[in-house]
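# Have a look; sequence and predicted model below, questions after that.
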Amino acid sequence: MKLRGLLGTVVMMVMVMGTFVSVSAENYYVTDETQTGKGNISYPAGVTSLMTKTEFWTERTVTSAETILIGTNEINRLNALALRTKSTNMNDLKSMEGTYDATALKNNLMNGEIPEDDCYLKGELLDKTTYFFEMSQDIAETAYDGTREIQYGICVKGTPIKSWPTNDIIGYSDKDTDDEIQISALVVNEPFVVKQIAYNDGHLFYWGYSDLVSGWVDADNIALCKDKAEWLDAWQVSTDGKDFVVVVQDKIVLEPSMFATYASEVKLQFSTILKLVKKEEIPRQIEERGPWNNYVVYLPTRNEEGFYEKKMALISEHCKVSVGFLPLTQKNLIDTSLQCLGNRYGWGGMLDAMDCSLFTRNVYKCCGVFLPRNTNWQQEIPGTRTDLSGLDDESKQKVLETMPAGTLLYFRGHTMIYLGSVNHVGYVISDLGNVSDSEDSLDVRSVQSVAITPLTVRRGNGTTWLSNLTGAVAVAIPKPEVTTAEVTTKEKKLPKTKIKKVAVKKKRLKITWKMIQGVTGYKLQYSKDAKFKKKKTITVKASKGTVTLKGIKKRTYYFRIRTYRKEKKKNAAILYYSAWSNIKRKKVS
């Protein structure tokens, strides 16, 4: 039963299974499963079974939950911006050079990073020096040499991307649940650019690039395309296209088949994208089955020679797929994230699962937004991040209550999706590892699942998630454009700073200045002339007191610096500056 439309102070007495329960009509539903859920499902303190329903959160969004937050043009611009921003560490696969020096790459891969900690395999301590040296020798003996052309691959089965060519799971202890050499993972029909190979105990591995990372993959799970055109045709889609489907539930397992063995029980993971077969090209039969009540898709397969072949497969109509990307709305971000509730955690995508940042990436991927791989990289997309690090808990909560559902929240090592707030407590959904509940004594438990939690849950040191929040990324709402006329630069009595030192070392200049409290940052200018007619300006965060310039030539440089503070008023940004520092001169000889 749903109680709405009463004054917020009204309290109803409702009989639930013979017991009167007192509830606030403004904030809660009342059912027989409000606290514990059906059967024996349990939740963290403060979470109810009703919170696992999309409607619970869409009724609490700050704006209409079904309003499209940004359209396809804005999504395209956002994706392009993320791809070309160096600090997101994303790979532009389509623009990669066709030829490369395979020998130099081989030598680099032979000297791959060896973990500093003890390593365990199947619970037993490894002689890691011997273990990694043998793989290094495998690379030396079997990898490509000379100048080569890149090869274009398509993933045909969910596969790990690792820092070494092996399928072994390496832990830092005999009980470690993470594969410490796994970097990320590919899902079916994702592209992979191949640049190297290695045989480990006779098994072939490819080294190359996904759009997120570089590393080694099992060659059995990658099909090589005959050329770039075939490769692009397999996976490239348009943001506003309707010629493909996206898996928007946690996973789909295709029906078993004795004849279409290439598709039998293939696992399509969350956010997998497959091209649709044109209606006029759908045959009467696909092996032993007809197409009624099914989506007909092209499934990538790998033939005996290791090359790509696309074949038709069926996805049952009842499965949750979207024809084209879902519109980017708060409702869709909430709904897709809830599809994975209770699913296991998997570091780097191991065990066909997700870790926290792969989970957030895949939720947004269902809407056509392609985020970077790691938590710190996701926060580097320009113009999307709100800094929360300097706020107290009450101020952070106030900021959250102005944000749309689906906003990404971060603290060091973890990312969450904001669902909304109830009684001034923020709630998130995330793929989490270890946590302590909000109530009772500090009891850190290994959850290793996708779960809804209030931000009052605690870390191992006893601090709440809310107090640890450092940033929020709202890729869903474009920041208002600020025109030149709306930007005011004013001299204000901001404290000045001064350049303390300019040091030269190996064609680099390191500039150090006095750090000032209470400012947004610094504007550093340098020029080849003392009047700064032709100058370059660098904006530096308030937390930094130094910057290094590379590629410096032999000449005299002039430097000056000032502080600034940015204040927002509606759609205007007011920038207040201090006076410039004294000019610092440095001769590079």
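Perfect, I can see it now.

# I'd like the average pLDDT over stretch 113-127.
Averaged over stretch 113-127, pLDDT sits at 93.

# what about it, start to end distance?
16 Å (CA to CA, to the nearest Å).

# which parts of it are buried?
114, 119-120, 126 (16 or more other CB atoms under 10 Å). Any C-beta I mention is one placed from the backbone N, CA and C, and that applies to glycine too.

# Farthest pair within these?
Farthest-apart pair in the buried residues of stretch 113-127 is 114 and 120; separation 14.4 Å (CB to CB).

# Please save the CA atoms from stretch 333-350 in CSV.
Only the C-alpha atoms of stretch 333-350 are listed here, as CSV (Å, rounded to 0.1, in the frame of the first residue of the first chain):
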residue,chain,number,x,y,z
LEU,A,333,20.6,5.1,-14.7
ILE,A,334,18.7,3.9,-11.6
ASP,A,335,17.0,1.0,-13.3
THR,A,336,20.1,-0.4,-15.0
SER,A,337,22.2,-0.2,-11.9
LEU,A,338,19.5,-2.1,-9.9
GLN,A,339,19.7,-4.9,-12.4
CYS,A,340,22.9,-6.0,-10.9
LEU,A,341,21.9,-6.0,-7.2
GLY,A,342,23.5,-8.9,-5.3
ASN,A,343,25.8,-9.9,-8.1
ARG,A,344,29.4,-10.7,-7.0
TYR,A,345,32.3,-8.4,-7.1
GLY,A,346,35.2,-9.2,-9.5
TRP,A,347,38.4,-7.2,-9.4
GLY,A,348,39.2,-6.0,-12.9
GLY,A,349,36.3,-7.9,-14.3
MET,A,350,37.5,-11.3,-13.1
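
# I'd like the distance from it to the chain centre, please.
13 Å (CA atoms, centre = their mean, to the nearest Å).

# helices or strands up against the one helix or strand residue 448 maps to?
Per DSSP states H and E: residue 448 is located in strand 445-454. Of the remaining helices and strands, those touching strand 445-454 by 3 or more CB pairs under 8 Å, 6 or more residues apart in numbering; DSSP states H and E are strand 425-435.

# possible to save the buried residues of stretch 113-127 as CSV with distance to residue 543?
Formatted as CSV, the buried residues of stretch 113-127 follow (distance: CB to CB, whole Å):
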residue, distance to residue 543
114, 33
119, 35
120, 38
126, 40
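
# quick check, nearest of those to residue 222?
Nearest to residue 222 among the buried residues of stretch 113-127, with distances taken as CB to CB, is residue 114, at 25.3 Å.

# And what about residue 97, helix, strand or coil?
The three-state assignment at residue 97 reads coil, by DSSP: H, G, I helix; E, B strand; the rest coil.

# Find the nearest non-adjacent residue to it, please.
Using CB to CB, 6 or more residues apart in numbering and skipping the chain neighbours, the partner closest in space to residue 97 is residue 150 (7.6 Å).

# Now do the one you found against residue 216, distance only.
16 Å (CB to CB, to the nearest Å).

# go on, residue 64?
Distance of residue 64 to residue 216, given as CB to CB: 46 Å.

# Give the bridge partners for residue 453, please.
residue 428 (DSSP bridges).

# The chain should start at 481 in everything you say after this.
OK, 481 is where the count begins now, so the last one is residue 933.

# My read is that it contacts residue 912, right?
Yes. Counting by CB atoms under 8 Å, residue 933 does reach residue 912; the two are 7.4 Å apart.

# if we can go back for a sec, my guess is the residue nearest to residue 577 meets residue 675, correct?
Yes. Under the criterion of CB under 8 Å, residue 630 makes contact with residue 675 at 5.8 Å.

# what do these two both touch?
Common neighbours of residue 630 and residue 675, using CB atoms under 8 Å, 6 or more residues apart in numbering, are 580, 688.

# quick one: the helices in the stretch 681-830 of the chain?
708-715, 810-818 (DSSP state H, counting those that start in this stretch).
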